[in-house]
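1. quick one: sequence and predicted model below, then my questions.
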Amino acid sequence: LSWFKDDGSIVREAVADACRCILLGFVLVGALLLLFLRDARAAFVAFVSMPVSVAATFFAMELSGFSFDMTTLTALGCASGILAASSAVVIESVGGMRRSGLPPDEAARQGTNAVASAVSASALSNAVVFAPVALMTTLAGQMVAPFAGVMAAASLIALFVAFTLTPVLAAKLLAPRKESGRFAKTFFSGWDSLLAKLENGCLRAVGFVRRHPAAALLAVLLLCAGARLFAWPRTGFALFPTDDRNELSVKLEFPATAALSRTRERALEIVRDLEAELPYLERTSLVAGARTVMPGQVDEGVHLAEITLMFQPKGTRPPMDEIKESVREILSRRRDMLFSLALPQATGFAACEVAACLTGPDREELDRFALMGAALLRESGVATDVDASVRAPKPRILVRPDRPILKGLDLPASTLATSLAGYFDGVERGSYKIDGRSYDIRIRTAERTGFGQIDDVVIGSVNGSPVNLDAMAHAETENAPLALHRFDKERAAWICA
């Protein structure tokens, strides 16, 4: 046995990355507050309010039953700006009261009262927006509910901190007079010049809109139309973004007449080719006879196989999109097979990213439209690994018993079925144990090939003489669908990409 993959390392790396992003967000928010408030002590007060609010949010997470995961940690990172925004407004108001000559306690009271309505409206609006999302009961809602719940809790806690701790610290730490020293003037001179240019640009833009409202409205409409026609179709839709886990799934489908041994042999040949041409490929895993697929695709069969590829970590190999193109180029050299590539999804398995279902009463019409849709999608160039659930029919043997003859020979139809099962698959006749493990005993006839052998199958005997199948049944071949697909109790055909 060898260790193939460990999802725990992916989780640990993701959580550590989220924690680093939260700390980096705190530092950036503190630097931004320093630039705009122009006072190191004021920026310090706002910076202190953020970790205090985050620590208080931990108790809200405990009461709500949330854990530290990617969803909640991302919410804490996004909430860092909200935590600082509420405190920044209060700090500036209290600082203004201190600069006007009021004592610390009176400055804290009047400064907080002056902006209480605005700060409350801002924080409560965030909480109100996220609260309904936190109460969603659908599958998608359960996935985003922790994010919305943490955001709503962080907004309320930030409001509480802005009205309690922040005014006290601002009143005690901020100076009564705002005096800029030589270092501060030198440090902020470049920033002031940039803000002045931005202010002039905004004033000119506002003036243009006031003088030419029709032209401004036309420009906005053209921008919206361009985004709708060009940007929106290329953006795409997905429940979760694609996650690079250093893993790629290769799904193979050989002709339906292929035996399991041949499927395994051909899949191993592909594995050897991939290992020889991809130096950054670390490990491979092969499953013959099954694959992980979306609804509408056959997931088990002797002609199916799935190869899981594990690559080196990001930064030591090409991007996953380039790797997929290299794998496609290698697989395209082989004929007489279908293949598709898939990255693991947040749901835990690798499947196609786009799935369309067609339903109706006529199977032939459904297959025709599914093939037409797959061809159009393939020609459009917007999707790769396009496939449809339509497959060439597979021949099967149909045995029709002659019941009058069976009745005359006093042979039940079950005897005919048992004999055929023993001929093809064997009949279980007992079991035995070795070292605590049980094994079945199956009896079957010698293996032969060709359709003509069916008529020679011995079904029973009459007066000591063997009776072959052709004496009491008629065997014929017919083409049957490889799989029958249904969706909501209707015939269905699928298109995947």
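-> Received the coordinates, thanks. Because the structure is a prediction, the values reported are computed rather than measured.
2. and the helices in the stretch 1-150 of the chain?
-> Per DSSP state H, counting those that start in this stretch, the stretch 1-150 of the chain carries helices over the ranges 7-37, 40-64, 70-99, 104-134, 139-163.
3. mind checking which of the ones you listed is nearest A288?
-> Of all the helices of the stretch 1-150 of the chain, it is helix 7-37 that lies closest to A288, at 23.7 Å by C-beta to C-beta. C-beta: built from backbone N, CA, C; applies to glycine.
4. let me see the mean pLDDT of that closest one.
-> For helix 7-37, mean pLDDT is 74.
5. name the helix or strand of this structure that has the lowest mean pLDDT.
-> The weakest-scoring helix or strand in the chain, judged by mean pLDDT, DSSP states H and E, is helix 232-235 (a mean of 68).
6. how many neighbours does K197 have?
-> As a burial measure, K197 scores 10 neighbours (other C-beta atoms under 10 Å).
7. give the buried residues for the strand ranked longest in the chain.
-> Scanning the chain for the strand with the most residues, using DSSP state E, yields strand 300-311. For strand 300-311, burial by neighbour count (16 or more other C-beta atoms under 10 Å) applies to G301, V302, H303, L304, A305, E306, I307, T308, L309, F311.
8. looks like the fifth one contacts R264 (just checking).
-> Yes. The pair A305 / R264 is scored as a contact, 7.2 Å apart, by C-beta atoms under 8 Å.
9. shared neighbours of these two, which are they?
-> L286, A288 (C-beta atoms under 8 Å, 6 or more residues apart in numbering).
10. quick one on the thing from earlier: need the helices of the stretch 1-150 of the chain in CSV with distance to P401 and mean neighbour count, can you?
-> Formatted as CSV, the helices of the stretch 1-150 of the chain follow (distance: least, C-beta to C-beta, whole Å; neighbours: other C-beta atoms under 10 Å):
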stretch, distance to P401, mean neighbour count
helix 7-37, 53, 15
helix 40-64, 66, 18
helix 70-99, 61, 22
helix 104-134, 63, 17
helix 139-163, 49, 21
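11. what about the residue nearest to A84 when sequence neighbours are not counted, distance to V94?
-> Nearest residue to A84, sequence neighbours excluded (C-beta to C-beta, 6 or more residues apart in numbering): V29, at 4.8 Å. Per C-beta to C-beta, to the nearest Å, V29 is found 19 Å from V94.
12. could you pull out the strands for the stretch 251-400 of the chain?
-> Secondary structure of the stretch 251-400 of the chain by DSSP state E, counting those that start in this stretch: the strands cover 281-290, 300-311, 338-342, 355-359, 387-388, 394-401.
13. among the ones you listed, which is nearest R211?
-> Across the strands of the stretch 251-400 of the chain, closest to R211 is strand 355-359 (C-beta to C-beta), at 50.5 Å.
14. next, the buried residues of that closest one.
-> Quick answer for strand 355-359 (16+ other C-beta under 10 Å): C357, L358.
15. that strand packs against which elements?
-> helix 363-380, strand 490-496 (3 or more C-beta pairs under 8 Å, 6 or more residues apart in numbering; DSSP states H and E).
16. any idea of the mean pLDDT in the first one?
-> The reference is to helix 363-380. Across helix 363-380, pLDDT averages out at 84.
17. for stretch 119-138, same thing?
-> In this model, stretch 119-138 carries a mean pLDDT of 82.
18. ok, back up a step: deepest of the helices and strands packed on strand 355-359, which one?
-> strand 490-496 (a mean of 21; mean count of other C-beta atoms under 10 Å).
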